[in-house]
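# okay, here's the prediction I keep looking at, along with the sequence it came from:
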Amino acid sequence: MRVSCLKICPMTQMASYKSLPRCSIRWNSNFAPDNAPRATDNEQWLDHLAKTRKVLQPLPEHGNGGYLLNDANLPENRKFPIEVAPASSDSPYINVRSSLAHFTSIQYLQTFNKHKHRQGNFVDVRIIKCRSGSGGDGAVSFFRDAGRSIGPPDGGDGGDGGSVYVQSVEGLNSLSKLRTTYTGGDGSNGAADQLDGARGKDTLITVPVGTIVRWCMDPREVRELVSKKIKYKKNSNLRSILEETKLKLDCTGKNQPNCIQLFRTAYNPGEGWVFKGKSKEYHDDKDWFIELKEKVKSYDIGLFGTELQEDRFPLYGLDLSKVTEKPICLLKGGKGGLGNMHFLTNLVRNPRFAKSGRSGLEQYLMFELKMIADLGLVGLPNAGKSTILNKISNARPRIGHWQFTTLSPTIGTIKSVRDETTFTVADIPGIIQGASKDKGMGLDFLRHIERSKGWVFVVSIADEDPIADLNILINELGGLEKVRTKNVLVVCNKADIDCEKPESINKYRKIQTFCREQSWDSLPISALKEENIDVLLEKMAKCALY
Ligand SMILES: Nc1nc2c(ncn2[C@@H]2O[C@H](COP(=O)(O)OP(=O)(O)OP(=O)(O)O)[C@@H](O)[C@H]2O)c(=O)[nH]1
């Protein structure tokens, strides 16, 4: 029995249907495997490579940003400040310098890891080590049979390494279940009888919709770097050190850099051989091997060129704001090495060498979950945000009379009374003065309302100066300019407290005037007593949907 299969010779790039022998099958000992590349095929291929070397130079032109990770996936906040340093004339890359704070997460560098103390299982930032598999080595083997002690080379190619993929799916709402490391399987080595090695197993990272994947530095390296800097600058804080430390990256992109170029640790073109029997030194002395290496160099250059095209990661990250139909490749596995059957020529009769597989890629990637809610509730701690969400939706965030009862965001879904359309509202932890400098719970949770259409400011009318509270919130959120990019509604909660007193009315009037100047809507409510909730819902729907 013989199995018919399609075998493509990487040298001739020609495909032919031939019979492929399988190990357990007895067959005519006078015949070597008939689909092995022959000496003439191989010579033609090697000559062809030598002639086409110029065509296969590593890609000097700036690619369009990779085959999968293209512009369409860039997040909205893609414009973080970068300095583009003019690349040297011989470099095919654009050098980009940007603050380390853009490529790391402060949560992972703080000794007190805030994310571990949140409510429930909610985790919205993870730094994950990803490694794609290495390609297997080509095999050095010769056909043998009863009547033939040594036949033509029949070593198969190594299998390709497994890749790391990511896919966003519905039904998940935390990154807590992600592993700390994802590794693609290594490709198996080739074997005798022209058997190619098995492909390494791919690995898939499943994340919630709304996750952004960014390239980042090894957190251990960043921690070392920061601790060294803190020794010299005693008074500086973590955030300012990250802001001041600039990171230089090789990027690609036509006019503007858009992808970070990743490099594999592997051999130079023409190198990367696996020897069996005789050593590398023995072969390096031989003219025929030097000549062969020169020719194979072209094959390697072509291979490295393809890798350079594929091994790129979007500078501003990969935005998985919708369900991804097919998994997206983050890190591609290494290519398997060529078996010795490809090196039989009229001059090289017994190639006791094969090519080794290409290494995989190892990178740290930061997964950041940005929940996608139509409206975000923002307010100082204790303003009554959770109470509002509790009253208007089925969500049950924690409510308490102490500050920072809410430690993680909660999303509630609301059905508009008027036209039955639904919208979502996110309750995030309270913001205090200095939150942008990491005071209180910091501003990390803002990521969850960054993409919201509207922001609902909740102030407590029972507080001494609600207008000052509103200004604190606006300043911490980045100032009026930034706030104006959203639909804004200002809700004065706790209107049941001292509602008849002229001071309370005055406080509300001041807010009303301020809002009118900004063309924002405002209204007083009592979430606790459910007063004015219907009007609130109507105004919220307007804010979220129009
Ligand atoms: N009198 C009165 N009390 C209210 C009203 N709304 C909320 N409260 C109370 O205010 C306190 C804080 O309410 P929360 O809803 O937890 O406030 P929060 O803004 O979510 O607070 P953080 O979780 O710290 O951000 C609770 O004791 C509520 O019962 C209201 O309309 N009137």
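Received, thanks.

# ok, which stretches of the stretch 151-300 of the chain are strands?
Chain-ordered strands for the stretch 151-300 of the chain, with DSSP state E, counting those that start in this stretch as the definition, fall at 164-169, 181-183, 203-208, 211-216, 246-252, 259-261, 273-275.

# select, out of those strands, the one closest to the ligand.
Closest to the ligand of those, according to CB to the nearest ligand atom: strand 203-208, at 23.1 Å. Just so you know, the C-beta spots here come from the backbone N, C-alpha and C atoms, and that holds for glycine as well.

# give me the mean pLDDT for the closest one.
Strand 203-208 shows a mean pLDDT of 94.

# now stretch 153-171
Average pLDDT, stretch 153-171: 93.

# to the chain's geometric centre, what's the distance from it?
18 Å (CA atoms, centre = their mean, to the nearest Å).

# gap between the two ends of that stretch?
Stretch 153-171 stretches 53 Å from its first residue to its last (CA to CA, to the nearest Å).

# make CSV from the strands of the stretch 151-300 of the chain and add mean neighbour count to it.
Formatted as CSV, the strands of the stretch 151-300 of the chain follow (neighbours: other CB atoms under 10 Å):
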stretch, mean neighbour count
strand 164-169, 20
strand 181-183, 17
strand 203-208, 20
strand 211-216, 24
strand 246-252, 18
strand 259-261, 23
strand 273-275, 20
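
# for residue 498, which of those strands is the nearest?
strand 203-208 (43.3 Å; CB to CB).

# what's that closest one packed up against?
With contacts defined as 3 or more CB pairs under 8 Å, 6 or more residues apart in numbering; DSSP states H and E, strand 203-208 has these neighbours: strand 164-169, strand 181-183, strand 362-369.

# hmm, back to that, residue 197: which of the strands of the stretch 151-300 of the chain is closest?
strand 273-275 (12.5 Å).

# and the closest one, how far from the chain's centre?
For strand 273-275, the distance to the chain centre is 35 Å (CA atoms, centre = their mean).

# likewise for stretch 346-357?
Centre-to-centre, stretch 346-357 and its host chain are 40 Å apart (CA atoms, centre = their mean).

# can you pull the contacts of residue 185?
133, 161, 162, 200, 201, 202, 203 (CB atoms under 8 Å, 6 or more residues apart in numbering).

# now the helices and strands packed on strand 203-208 in JSON lines, with distance to the ligand?
Output for the helices and strands packed on strand 203-208, formatted as JSON lines (distance: least, CB to the nearest ligand atom, whole Å):
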{"stretch": "strand 164-169", "distance to the ligand": "29"}
{"stretch": "strand 181-183", "distance to the ligand": "35"}
{"stretch": "strand 362-369", "distance to the ligand": "20"}
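
# and these as a markdown table, adding distance to residue 356?
Listed next are the helices and strands packed on strand 203-208 as a markdown table, based on distance: least, CB to CB, whole Å:
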| stretch | distance to residue 356 |
| --- | --- |
| strand 164-169 | 21 |
| strand 181-183 | 20 |
| strand 362-369 | 18 |
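
# I'd like to know which of these is closest to residue 149.
strand 181-183 (41.8 Å).

# mean confidence score for that closest one?
Mean predicted lDDT for strand 181-183 stands at 96.

# stretch 397-413 too?
Here the average pLDDT along stretch 397-413 is 70.

# now do the helices in the protein.
With DSSP state H as the criterion, the chain has helices at 39-51, 219-232, 238-244, 280-284, 287-310, 385-392, 466-476, 480-483, 502-517, 533-545.

# by mean pLDDT, show me the worst of these.
It's helix 39-51: among these, that one has the lowest mean pLDDT, namely a mean of 80.

# so how far is it off the chain centroid?
So, by CA atoms, centre = their mean, the centroid of helix 39-51 is 40 Å from its chain's centroid.

# got the buried residues for it?
Neighbour counts over helix 39-51 (16 or more other CB atoms under 10 Å) mark 39, 41, 42, 43, 44, 45, 46, 49 as buried.

# please apply the same query to stretch 306-324.
Those would be 307-321, 324, for stretch 306-324 by 16+ other CB under 10 Å.

# wait, which of the helices of the chain is closest to the ligand?
So among the helices of the chain, helix 385-392 is nearest, using CB to the nearest ligand atom, at 3.3 Å.

# for the single nearest residue of the stretch 201-350 of the chain relative to the ligand, which non-adjacent residue is closest in space?
Evaluated by CB to the nearest ligand atom, the stretch 201-350 of the chain has residue 210 as its residue closest to the ligand, separated by 21.9 Å. Leaving aside its chain neighbours, residue 210 sits nearest to residue 372 (4.7 Å; criterion: CB to CB, 6 or more residues apart in numbering).

# can you pull the contacts of the spatially most central residue of the chain?
The centroid of the chain falls nearest to residue 213 when counting by CA atoms, centre = their mean (3.1 Å). Taking CB under 8 Å, 6+ apart, we find residue 213 in contact with 166, 207, 317, 318, 320, 330, 365, 366, 367, 368.

# between those residues, which is nearest residue 236?
Nearest member of those to residue 236, counting by CB to CB, is residue 366, at 23.1 Å.

# please name the bridge partners of that closest one.
Residues in a beta bridge with residue 366, per DSSP bridges, are residue 127, residue 214.

# how many residues are close by it?
Residue neighbour count, defined by other CB atoms under 10 Å, stands at 20 for residue 366.

# again, but for the one 4 residues further on
A total of 24 residues lie near residue 370 under the criterion other CB under 10 Å.

# residue 230 too?
14.

# thought residue 433 was touching residue 472?
Yes - assessed by CB atoms under 8 Å, residue 433 is found in contact with residue 472 at 5.0 Å.

# and the buried residues of helix 39-51 near the ligand, which?
Restricting these to those touching the ligand (CB under 6 Å from any ligand atom) yields no residues.

# is it possible to export those residues to CSV including distance to residue 448?
Formatted as CSV, the buried residues of helix 39-51 follow (distance: CB to CB, whole Å):
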residue, distance to residue 448
39, 65
41, 60
42, 59
43, 63
44, 61
45, 56
46, 58
49, 54
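
# and residue 461, how close does it get to the ligand?
Distance, residue 461 to the ligand, using CB to the nearest ligand atom, to the nearest Å: 9 Å.

# contacting residues for that residue?
So residue 461 contacts 492, 493, 494, 495, 497, 504, 507, 508, 524 (CB under 8 Å, 6+ apart).

# give the bridge partners for the first one, please.
Meaning residue 492. residue 459, residue 524.

# show me what contacts it?
459, 460, 461, 466, 507, 508, 511, 522, 523, 524, 525.

# report the separation between the closest residue to the third one other than its chain neighbours and residue 375.
What it means is residue 461. Sequence neighbours aside, residue 492 is the residue nearest to residue 461 in space, at 4.4 Å (criterion: CB to CB, 6+ apart). As for residue 492, its distance to residue 375 is 17 Å (criterion: CB to CB, to the nearest Å).

# before we move on, what about residue 251?
Counting by CB to CB - residue 251 and residue 375 are separated by 36 Å.

# give me the neighbour count for residue 496.
17.

# ok, the nearest residue to it once chain neighbours are set aside - contacts?
Sequence neighbours aside, residue 526 is the residue nearest to residue 496 in space, at 3.9 Å (criterion: CB to CB, 6+ apart). By CB under 8 Å, 6+ apart, residue 526 lies in contact with 493, 494, 495, 496, 532.

# cutoff 10 Å now
By CB atoms under 10 Å, 6 or more residues apart in numbering, the residues touching residue 526 are 384, 387, 391, 461, 492-497, 499, 532-533.

# so what's residue 134 scoring on pLDDT?
95.

# show me what from the stretch 251-400 of the chain comes close to the ligand.
Near the ligand, when you scan the stretch 251-400 of the chain using CB under 6 Å from any ligand atom, you find 379, 381, 382, 383, 384, 385, 386, 387, 399, 400.

# good, we can wrap up now.
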